[in-house]
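*Asks:* the sequence isn't on hand, but the structure is:
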Ligand SMILES: Cc1cc2nc3c(=O)[nH]c(=O)nc-3n(C[C@H](O)[C@H](O)[C@H](O)COP(=O)(O)O)c2cc1C
């Protein structure tokens, strides 16, 4: 008898022809929304993306909530759906609906630090109770035939339940785990603790995706070397440098990769178009500024100009773009 995909223990994550590990774009609620995902998909280089979480509340209208997820959004790049909630049965129902919509994979959020979320027993608060984490994950695994994965922080207040949580997740039947090695309480304060990623790798039989503080190709290589993890997930590093995935791939294939200025222009144009002209101008300016705020962290030249970009008072996104483009061009000229 054929086992359903979610019941088959996954041994490996795929590598490309040149040995580059599986690269994923991280879920980033707010800033890493569909507009950003569409824009960065034009540059490409990542093998899969994970949508920012869909919250499963206590009294959900499953069908209408699930409509926020479009599995074709980045076609042909797969987009996994991430669910966040603390009620096993509701999470299972939502997972089944998401599978019906065509999801390639469902990820369970055990990392969100927001107090509104943790107060409701979801996100990182599942890390306080490994048996609950197990119950939620197991019920999602049972509800669908696509792979289910779990993304977690290293703990809630501390890492005392780290190993228990990893084993609870593995036991539940998830295909692999993504680890952001900071506790909920740490937020984004201290550096991601990659030693914990190495420890997780030594504990788990299922694959592990390493995440946290990968900002350069060298960081990616260091993470792989120090932790032996099976795949990489990158979040903020891809907002600062949307070419990072292509650069990592190029490193493995030993082909030079040069950034063309036109790609940056296309990226920004696509982003603005994706926001749409029906969105209020103020919101469009705010969103563009937020994205530019990350690009202006890319090097010391841009960092020096960042404040002036953030402080400018344009009310039309085109004006903000015209102000920023010469600075970006100058800043990127070293890498273009
Ligand atoms: C603005 C923002 C929103 C995030 N939203 C999510 C989310 O929806 N789901 C999730 O699992 N992690 C979320 N994260 C965490 C990231 O996916 C990632 O684990 C974390 O930023 C560390 O990776 P990085 O150093 O590559 O950014 C978010 C992070 C940021 C900065």
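*Replies:* Arrived safely. The structure presented is a predicted model; accordingly, all values stated were derived computationally and were not measured.

*Asks:* who touches the residue in the chain positioned nearest to the ligand in this structure?
*Replies:* When scored by C-beta to the nearest ligand atom, the chain has residue 235 as its residue closest to the ligand, at 2.8 Å. Heads up, the C-betas are built off the backbone N, CA and C, glycines and all. Residue 235 makes contact with 25, 26, 27, 28, 32, 211, according to C-beta atoms under 8 Å, 6 or more residues apart in numbering.

*Asks:* out of these, who's the most crowded?
*Replies:* Highest neighbour count within the contacts of residue 235: residue 25, with 28 neighbours (other C-beta atoms under 10 Å).

*Asks:* would you agree that residue is in contact with residue 40?
*Replies:* Yes - here residue 25 reaches residue 40: they are 6.7 Å apart, a contact under C-beta atoms under 8 Å.

*Asks:* quick check: neighbours shared by those two?
*Replies:* Residues touching both residue 25 and residue 40 by C-beta under 8 Å, 6+ apart: 46, 238.

*Asks:* pretty sure residue 267 is touching residue 243, no?
*Replies:* No - applying C-beta under 8 Å, one finds residue 267 not in contact with residue 243, separated by 9.1 Å.

*Asks:* give me the common contacts of those two.
*Replies:* residue 43.

*Asks:* give me the neighbour count for residue 33.
*Replies:* If we define neighbours as other C-beta under 10 Å, then residue 33 has 16 of them.

*Asks:* ok, the closest residue to residue 32 other than its chain neighbours - contacts?
*Replies:* Distances taken as C-beta to C-beta, 6 or more residues apart in numbering place residue 52 nearest to residue 32, at 6.3 Å, with adjacent residues excluded. With contacts defined as C-beta under 8 Å, 6+ apart, residue 52 is in contact with 27, 28, 29, 30, 32, 33, 82.

*Asks:* would the fourth one count as being in a helix?
*Replies:* No - using DSSP: H, G, I helix; E, B strand; the rest coil, the secondary structure at residue 30 is coil, not a helix.

*Asks:* show me the contacts for it.
*Replies:* residue 52.

*Asks:* and the helices in the stretch 51-200 of the chain?
*Replies:* Assigned by DSSP state H, counting those that start in this stretch, the helices in the stretch 51-200 of the chain fall at 62-66, 88-100, 115-118, 130-143, 162-172, 194-203.

*Asks:* least confident of the ones you listed, on average?
*Replies:* Of all the helices of the stretch 51-200 of the chain, the minimum mean pLDDT falls on helix 115-118 (a mean of 80).

*Asks:* so is it next to the ligand?
*Replies:* No - residues of helix 115-118 contacting the ligand under C-beta under 6 Å from any ligand atom: none, with a closest distance of 9.9 Å.

*Asks:* ok, residues contacting that helix?
*Replies:* So helix 115-118 is contacted by 55, 84, 112, 123, 124, 125, 156, 184 (C-beta under 8 Å, 6+ apart).

*Asks:* check stretch 127-134 too.
*Replies:* Contacts for stretch 127-134 (C-beta under 8 Å, 6+ apart): 86, 110, 121, 126, 150, 152-153, 155-156, 161, 164-165, 167-169, 171-172, 184.

*Asks:* buried among these? Make that a PyMOL selection.
*Replies:* Selection of buried members from the contacts of stretch 127-134 for PyMOL, criterion 16 or more other C-beta atoms under 10 Å:
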select buried, resi 86+110+121+126+150+152+153+155+156+161+164+165+168+169+172+184
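
*Asks:* now the helix or strand of the chain with the lowest mean pLDDT: buried residues?
*Replies:* In the chain, no helix or strand scores lower on mean pLDDT, DSSP states H and E than helix 115-118, which sits at a mean of 80. The neighbour-count check on helix 115-118 (16+ other C-beta under 10 Å) flags 117, 118 as buried.

*Asks:* return the residues of the stretch 151-300 of the chain in contact with the ligand.
*Replies:* Close to the ligand, as judged by C-beta under 6 Å from any ligand atom, the stretch 151-300 of the chain has residues 151, 180, 211, 212, 213, 214, 234, 235, 236, 237.

*Asks:* check contacts around the third one.
*Replies:* When you say that, I think you mean residue 211. Residue 211 touches 26, 151, 178, 179, 180, 192, 232, 233, 234, 235, counting by C-beta under 8 Å, 6+ apart.
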